[in-house]
Each structure stands twice: as C-alpha cells, then as structure tokens.
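In: Give the three-dimensional model of this entry:
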Amino acid sequence: MADNKFLEKLREGKTNLIEEQEKYQKELMELKFKLSSGQLKETHKIKDLRRSIAKLKTLERENDLEGTDESKIK
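Out: Down below sits the predicted model:
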C-alpha cells in the first residue's frame with residue numbers, strides 16, 4: 001500500500017523524477033559499498049532501492065510516451 005502513495009506522489013508531479021532518481025542511485029551506491037565492506041546489516045534496502053529506481057524510470061518513460069504520438073511507437 002505504501003507503494004501506491006509513492007507512485008501517486010510521483011505521478012502528481014510534486015517531485016522531479018530525475019533528481020529523485022539521482023538521489024536513489026547515490027544511496028544505492030553507498031549501500032553497495034557498505035555491503036562489500038561488511039557494514040550493512042539491512043540488506044533488504046538494496047532491493048527496495050532498486051525497485052524504487054525502476055518505478056521512477058517507468059514513470060519517466062510513461063511521461064515521454066505521453067508527449068509523443070503513441071500510434072507511431074507501435
């Protein structure tokens with residue numbers, strides 16, 4: 001259910017998708033460094049961040065398709 005709120009917030013345009021994606025990419029990189037050095041206890045956060053990044057990319061792609069003629073894409 002929390003995912004729905006996350007997606008609604010992004011679809012409403014309250015946040016910049018590119019900035020949000022960059023922030024998540026940076027956080028993911030930091031978590032991977034911690035994992036490799038053995039400092040990361042909550043390994044599930046990596047999976048959650050990867051999924052959030054994928055959602056952001058999907059929304060970005062949806063926005064790109066809205067701006068173009070979808071009949072040409074098919």
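In: Can you give me the buried ones in the helix or strand harbouring residue 4?
Out: Element membership for residue 4 (DSSP states H and E) is helix 2-11. For helix 2-11, a neighbour-count test (16 or more other CB atoms under 10 Å) marks residue 10 as buried. C-beta: built from backbone N, CA, C; applies to glycine.
In: For the next helix or strand after it, output the C-alpha coordinates as CSV.
Out: Next helix or strand after helix 2-11 toward the C-terminus (DSSP H and E): helix 17-37. Extracted in CSV, the C-alpha atoms of helix 17-37 (Å, rounded to 0.1, in the frame of the first residue of the first chain):
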residue,chain,number,x,y,z
LEU,A,17,11.8,12.4,-11.3
ILE,A,18,15.4,12.9,-12.5
GLU,A,19,16.5,14.4,-9.2
GLU,A,20,14.8,11.7,-7.2
GLN,A,21,16.4,9.0,-9.4
GLU,A,22,19.9,10.5,-8.9
LYS,A,23,19.3,10.6,-5.1
TYR,A,24,18.3,6.9,-5.1
GLN,A,25,21.3,6.0,-7.3
LYS,A,26,23.7,7.7,-4.9
GLU,A,27,22.1,6.0,-1.9
LEU,A,28,22.2,2.6,-3.7
MET,A,29,25.9,3.1,-4.4
GLU,A,30,26.6,3.9,-0.7
LEU,A,31,24.7,0.8,0.4
LYS,A,32,26.6,-1.4,-2.0
PHE,A,33,29.9,-0.1,-0.6
LYS,A,34,28.7,-0.8,2.9
LEU,A,35,27.7,-4.3,1.8
SER,A,36,31.0,-5.1,0.3
SER,A,37,32.8,-3.9,3.4
